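the following comprises the amino acid sequence and a computationally predicted model.
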Amino acid sequence: MRLNLLTESATGYAATNWQKTETSALTAIGSSEKLLAARPLTLILGAPRSGTTWLAKIFDSHPSVLYRHEPDMARRKAPIPVFYPDADRPRHATAIREQMAEFIQVRALKSAGSIPVFRKSYDHHLTYAARLASVYSLRLADIAIGSAVRKYLNVPDWGRAQSNTNLHVVIKSVSAAHHAG
């Protein structure tokens with residue numbers, strides 16, 4: 001397993017690239033865990049208003065990236081402690097893998113429908129048009145109806161991104177930055 005940490009103090013962002021080189025350590029329960037086992041995971045962590053969204057959208061513009069914008073805001077769970085005894089490491093490692101796998105599945109508008117929407121390698125031109133139309137339609141509905149129903153607005157997975165194992169997963173969060181150490 002390899003862990004790279006890139007920090008830039010001028011803008012306050014931190015990008016953590018966790019690449020899985022041993023697939024036997026991750027049990028494939030669902031397609032998202034298979035995706036995690038097969039491809040690297042890049043976490044972009046930082047303070048609000050520090051350039052993390054800009055950096056994340058640069059990653060998202062690549063056709064082989066599956067990007068999730070702050071999925072931890074859509075799916076809140078009990079926090080995983082930063083410091084814990086060595087005996088608890090297997091339990092927390094499993095919890096972290098499960099949480100990352102769940103973050104890939106988040107289809108909330110805020111997480112899976114960030115603008116601009118880029119065409120991906122798994123997109124046929126018709127599925128890209130459908131994904132684009134659904135994101136903009138849901139954004140209009142969000143404006144018209146209000147934030148009360150925002151958590152119920154989910155972007156359909158037209159291109160079957162969840163099952164594509166040739167993707168690099170990028171997850172951006174500003175609320176989890178304090179857990180990065």
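Here it is on my side, so go on.

helices along this protein, start to end?
According to DSSP state H, the chain carries its helices in the segments 31-38, 52-60, 71-74, 89-105, 109-112, 125-145.

wait, doesn't residue 41 sit right on residue 103?
No: distance between residue 41 and residue 103: 9.4 Å, which falls outside the contact criterion (Cβ atoms under 8 Å). Where C-beta positions appear, they are placed from N, C-alpha and C, glycine not excepted.

overlap in contacts, the two.
Common contacts of residue 41 and residue 103 (Cβ atoms under 8 Å, 6 or more residues apart in numbering): residue 171.

residue 39: neighbour count?
Look at residue 39: counted by other Cβ atoms under 10 Å, it has 19 neighbours.

in this structure it contacts residue 165, no?
Yes: taking contact to mean Cβ under 8 Å, the distance of 6.5 Å between residue 39 and residue 165 places them in contact.

span of stretch 102-118 from start to end?
By Cα to Cα, to the nearest Å, the extent of stretch 102-118 from end to end equals 22 Å.

rounded mean pLDDT for that stretch, please.
Model confidence over stretch 102-118, given as mean pLDDT, is 90.

swap in stretch 122-142?
For stretch 122-142, the mean confidence score works out to 90.

can you show me the CA trace of it as PDB?
The C-alpha atoms that make up stretch 122-142 are tabulated as PDB, following Å, rounded to 0.1, in the frame of the first residue of the first chain:
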ATOM      1  CA  TYR A 122     -17.700   5.700 -20.000                       C
ATOM      2  CA  ASP A 123     -20.200   8.100 -21.600                       C
ATOM      3  CA  HIS A 124     -21.700   7.500 -24.900                       C
ATOM      4  CA  HIS A 125     -22.800  10.800 -26.500                       C
ATOM      5  CA  LEU A 126     -26.500  10.000 -25.600                       C
ATOM      6  CA  THR A 127     -25.700   9.100 -22.000                       C
ATOM      7  CA  TYR A 128     -23.600  12.200 -21.600                       C
ATOM      8  CA  ALA A 129     -26.600  14.300 -22.900                       C
ATOM      9  CA  ALA A 130     -28.900  12.500 -20.500                       C
ATOM     10  CA  ARG A 131     -26.600  13.100 -17.600                       C
ATOM     11  CA  LEU A 132     -26.200  16.700 -18.500                       C
ATOM     12  CA  ALA A 133     -29.900  17.200 -18.800                       C
ATOM     13  CA  SER A 134     -30.600  15.500 -15.500                       C
ATOM     14  CA  VAL A 135     -28.100  17.600 -13.600                       C
ATOM     15  CA  TYR A 136     -29.400  20.900 -15.000                       C
ATOM     16  CA  SER A 137     -33.000  19.800 -14.500                       C
ATOM     17  CA  LEU A 138     -32.400  18.800 -10.900                       C
ATOM     18  CA  ARG A 139     -30.600  22.100 -10.300                       C
ATOM     19  CA  LEU A 140     -33.600  24.000 -11.700                       C
ATOM     20  CA  ALA A 141     -35.900  21.900  -9.500                       C
ATOM     21  CA  ASP A 142     -33.700  22.600  -6.500                       C
END
